[in-house]
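Novice: I would like to see how this sequence folds:
(one chain, ligands or ions: 1)
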Amino acid sequence: MLIIRDAFRTVIDAGTELGEGTPTGPRDLRLTDVVLPDGDAATDSAGRRDAVRRDAADDERTDDEQSDDAPTTLDASGCIVTPGLVNAHHHLLQSAFRTLPGTRGVAMHEWLPRMAAEYAAIGIDPELARASALVGVAEGLLDGVTTVADHHLTWPAGSDDVGIARATAAAARELGGRLAFVRGSARDDPEQAAASADAIADALVPDGPNGITADGLLQLAVGPAGVHSDSAETFRLLGEVASRRGLRRRTQANEQVDVAIALEKYGRRPIELLDEWGWLADDVTLAHLCAVTDAEIALLAERGVTATHAPGCDLPMGWGIAPVAALLAAGVVVGLGTSGGGSNDAGHLLADARLAMQVAPLVGPPIEARRILSMATEGSSLGLGRPELGTLRPGSGADLCVWDVSGVADAGVADPVAGLLWASPGRRPKHVVVGGRVVVRDYRLVDHDEHALAADLTTLLASRRAA
Ligand SMILES: [Zn+2]
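Specialist: Prediction:
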C-alpha cells in the first residue's frame with residue numbers, strides 16, 4: 001500500500017480537483033492520505049473513495065519497499081499531485097544524437113541526411129537502443145513522464161529488429177516506466193516493415209490483447225513516418241498488422257516537408273492521402289499537424305482521429321504551430337509529445353506543455369493551463385487507447401507525480417495548478433509513481449543512478465566514434 005500524505009491539492013482529471021481552495025469544501029482544506037490500496041476501495045481523510053488502484057504488476061515485484069506489508073509513505077506536504085504525464089510522441093533513439101552539428105537551424109532536406117549519416121556512423125543495434133532508451137526513459141521519469149510512446153523509425157537493412165525492440169522495452173521495464181513502442185518505418189521496404197512488426201509483436205506482446213502486456217507496462221503500435229516518406233503500400237501493410245492484432249496506428253502529418261512532398265509527389269495534401277489510404281480513423285493518432293486547414297480539422301474530428309501536439313519540435317524545426325485550440329474546439333482529442341532528441345533536445349513534457357500554452361495565442365485563442373495539462377495526461381493516453389492512464393479516477397493505473405510548489409519559484413502564485421505550467425520552468429517532480437510503485441523519490445531514480453546511465457551512453461558513443 002502506498003500513502004501519499006499531506007498533498008494540499010490533487011488533480012484527479014481536468015474537471016476534478018481535491019483539496020485546499022476547491023469546491024469540495026473546507027474539510028478538504030488539507031487533503032491527507034490519498035491512498036492507493038491493494039485493489040479494494042479505501043478512503044482518504046475526507047471519506048471519499050480512493051482515486052486509483054494498485055497495478056497488478058506490483059504483485060510480482062520483490063524489492064523490500066514494495067513487498068513489505070507496511071504502507072509506503074510519500075511526503076507530499078507543500079505539493080500538488082497530478083496524474084503521471086504521458087509523452088505521446090518521442091524518438092528515444094535520438095537521445096543519443098542531441099545538438100548534432102549540422103542538424104540545428106537547417107531545413108528538413110538537410111536534417112534527414114545528416115541524421116542518417118550519423119546513424120550509419122554510430123551503428124543502430126540493440127546495444128545503442130538500450131543505452132539511448134535508458135537515458136530517454138530515465139529523463140522522462142525524472143521529469144514526470146510515466147508513459148512514453150517511442151516512435152522508432154530507424155531500421156537499417158539487416159538490423160536486429162526484434163533485438164532493438166526488446167532492448168528498448170527492457171530498458172523501460174528496468175526503470176519502471178510504461179512504454180508504447182511504435183514499430184515505425186521511414187522508407188523501409190513495405191513487406192519487410194510488416195514482417196518485422198509481426199515478429200516484434202510475437203516477441204514482445206504475444207498474448208496481450210491490443211498489443212498490451214498483462215501488466216500494462218508495455219504496448220506495441222505501428223506507424224509509418226508519414227506520407228512524405230512511406231508509400232501507400234507501407235501504410236496498407238502496417239495497417240493490416242494493426243487490425244489483425246488490435247494495435248493502435250500512429251503517424252506524423254503536416255510538418256511543412258510532409259505537405260510539400262505530398263503535393264509534389266501526389267498533387268494532394270497529406271490528410272487527403274491518409275483518408276484515401278484508410279488512415280483517418282479512431283485508432284489513429286497524428287503527430288505534429290502544423291498547417292491544417294479548417295476543412296481538414298473538420299474531417300479529422302468526423303473520423304475520430306486523435307492528435308499529438310509537439311511544439312518543442314515544431315517550433316525549432318520551423319514547421320509552425322499546430323492550431324490546437326481549433327482542433328479542440330472541433331472535438332479532436334489532442335495529446336502532447338516532445339518528439340525526439342534530433343529536433344527537441346529534451347524529453348521534458350511539462351516544459352513543452354508550458355511552451356504549448358505560451359505559443360497558443362499566436363495561432364488562435366489562448367488555451368488554459370489546466371486544458372494543456374489534461375492534454376499532457378488524458379489527451380495523450382486516449383490517443384494510445386489507454387483510458388486507464390492519464391487520470392487519477394477510480395480504476396486508473398496509479399501513475400502519478402508529486403510536485404513541490406513550496407519554493408520561491410512558486411511563491412506568490414495564486415492558482416497552484418495553473419502555476420505548475422506558468423511558474424518554475426523546467427521543474428521536476430519530487431516523487432513519481434508508476435502502477436503504484438515509487439520510481440522517483442526525492443528527485444532521484446529509486447533503483448538507478450542517472451549519472452551512471454548518462455555515462456554509459458557517453459562511453460558507448462565515444463567507443464563507436466573511435467572505432
Ligand atoms: Zn516526430
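
Novice: What helices and strands are in contact with whichever strand or helix holds residue 87?
Specialist: Secondary-structure assignment from DSSP states H and E places residue 87 in strand 85-90. On a contact count with 3 or more C-beta pairs under 8 Å, 6 or more residues apart in numbering; DSSP states H and E, strand 85-90 meets helix 126-142, strand 145-152, strand 284-288, strand 334-336, helix 349-359, helix 380-383. From N, CA and C alone the C-beta is placed, and that goes for glycine too.

Novice: mind redoing it with 6 Å?
Specialist: Other helices and strands packing on strand 85-90, by 3 or more C-beta pairs under 6 Å, 6 or more residues apart in numbering; DSSP states H and E, are strand 145-152, helix 380-383.

Novice: okay if I get the ones you listed as TSV plus distance to residue 125 and mean neighbour count?
Specialist: Shown next, in TSV, are the helices and strands packed on strand 85-90 (distance: least, C-beta to C-beta, whole Å; neighbours: other C-beta atoms under 10 Å):
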stretch	distance to residue 125	mean neighbour count
strand 145-152	13	29
helix 380-383	29	28
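
Novice: Got the domain ranges for this structure?
Specialist: Here the domain parsing of the chain from automatic domain parsing is 2-82+393-442, 85-383.

Novice: I'd like to know which of those is closest to residue 464.
Specialist: Nearest to residue 464, of all those, is domain 85-383, at 4.8 Å by C-beta to C-beta.

Novice: Partner strands of the strand holding residue 87 and their direction?
Specialist: According to DSSP bridges, strand 85-90 forms sheet pairs with strand 145-152 (parallel).

Novice: Output the partner strand as PDB, restricted to C-alpha atoms.
Specialist: Taking Å, rounded to 0.1, in the frame of the first residue of the first chain, the C-alpha atoms of strand 145-152 are listed here in PDB:
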ATOM      1  CA  VAL A 145       6.700  11.300 -17.700                       C
ATOM      2  CA  THR A 146       5.200   7.900 -16.600                       C
ATOM      3  CA  THR A 147       4.400   6.700 -20.100                       C
ATOM      4  CA  VAL A 148       6.300   7.400 -23.300                       C
ATOM      5  CA  ALA A 149       5.400   6.500 -26.900                       C
ATOM      6  CA  ASP A 150       8.600   5.800 -28.700                       C
ATOM      7  CA  HIS A 151       8.200   6.100 -32.400                       C
ATOM      8  CA  HIS A 152      11.200   4.100 -33.600                       C
END
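
Novice: thinking again about what came up before, next, the angle from the helix or strand just after the strand holding residue 87 to helix 126-142.
Specialist: For strand 85-90, the succeeding helix or strand toward the C-terminus, using DSSP H and E, is helix 108-122. Angle, helix 108-122 to helix 126-142, by axes from the mean of the first three to the mean of the last three C-alpha atoms, to 10 degrees: 120 degrees.

Novice: Outside of helix 108-122 itself, list whatever touches it.
Specialist: 97, 100, 102-103, 154, 257, 342, 464 (C-beta atoms under 6 Å, 6 or more residues apart in numbering).

Novice: center of this structure - which residue?
Specialist: residue 87 (1.5 Å; C-alpha atoms, centre = their mean).

Novice: returning to that earlier point: the strand holding residue 87 versus strand 284-288: what angle between them?
Specialist: 80 degrees.

Novice: Where do the helices of the stretch 251-400 of the chain begin and end?
Specialist: For the stretch 251-400 of the chain, helices defined by DSSP state H, counting those that start in this stretch occupy the ranges 256-266, 270-276, 294-303, 311-314, 324-330, 349-359, 369-374, 380-383.

Novice: so which of these comes closest to residue 213?
Specialist: helix 380-383 (16.3 Å).

Novice: Name the residues that touch that closest one?
Specialist: 86, 88, 285, 306, 333, 335-336, 389-390.

Novice: Tell me which helix or strand comes right after it.
Specialist: strand 400-404.

Novice: so what secondary structure elements neighbour that next one?
Specialist: Against strand 400-404 (3+ C-beta pairs under 6 Å, 6+ apart) you get strand 79-83, strand 431-434.

Novice: Return the set of buried residues in stretch 348-368.
Specialist: 348-360, 364, 367 (16 or more other C-beta atoms under 10 Å).

Novice: Over to stretch 406-416?
Specialist: 410, 416.

Novice: Need the CA coordinates for it. PDB is fine.
Specialist: C-alpha atoms of stretch 406-416 as PDB (Å, rounded to 0.1, in the frame of the first residue of the first chain):
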ATOM      1  CA  SER A 406       6.500  25.400  -1.800                       C
ATOM      2  CA  GLY A 407       9.800  27.000  -3.100                       C
ATOM      3  CA  VAL A 408      10.500  30.600  -4.100                       C
ATOM      4  CA  ALA A 409       9.700  29.900  -7.800                       C
ATOM      5  CA  ASP A 410       6.100  29.200  -6.800                       C
ATOM      6  CA  ALA A 411       5.800  31.900  -4.100                       C
ATOM      7  CA  GLY A 412       3.000  34.400  -4.800                       C
ATOM      8  CA  VAL A 413       1.300  32.000  -7.200                       C
ATOM      9  CA  ALA A 414      -2.500  32.400  -6.700                       C
ATOM     10  CA  ASP A 415      -3.600  29.300  -8.600                       C
ATOM     11  CA  PRO A 416      -1.200  26.400  -7.900                       C
END
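
Novice: Could you list the residues in contact with it?
Specialist: Here stretch 406-416 has contacts from 9, 78, 80, 405, 419, 423-424, using C-beta under 6 Å, 6+ apart.

Novice: try it again with 10 Å
Specialist: Stretch 406-416 is touched from outside by 8-9, 11, 17, 19-21, 77-80, 369-370, 403-405, 419-420, 422-427, 430, with contacts defined as C-beta atoms under 10 Å, 6 or more residues apart in numbering.

Novice: ok, of these, which come out buried?
Specialist: The buried subset of these (16+ other C-beta under 10 Å) comprises 8-9, 11, 17, 19-20, 78-80, 369-370, 403-405, 419-420, 423-424, 427, 430.

Novice: hang on, the earlier thing: got a winner among the contacts of helix 380-383 for most neighbours?
Specialist: residue 88 (34 neighbours; other C-beta atoms under 10 Å).

Novice: residues touching that one, list them.
Specialist: So residue 88 contacts 147-149, 151, 180, 250, 285, 287, 306-310, 334-339, 349, 375-376, 379-384, 390 (C-beta under 10 Å, 6+ apart).

Novice: low pLDDT regions in the protein?
Specialist: Within the chain, the stretches with pLDDT under 70 are 23-70.

Novice: Next, count neighbours for residue 428.
Specialist: For residue 428, using other C-beta under 10 Å, the count is 18.

Novice: any idea how far residue 88 is from it?
Specialist: Residue 428 sits 20 Å away from residue 88, going by C-beta to C-beta, to the nearest Å.

Novice: With residue 213 instead?
Specialist: According to C-beta to C-beta, residue 213 and residue 88 sit 19 Å apart.
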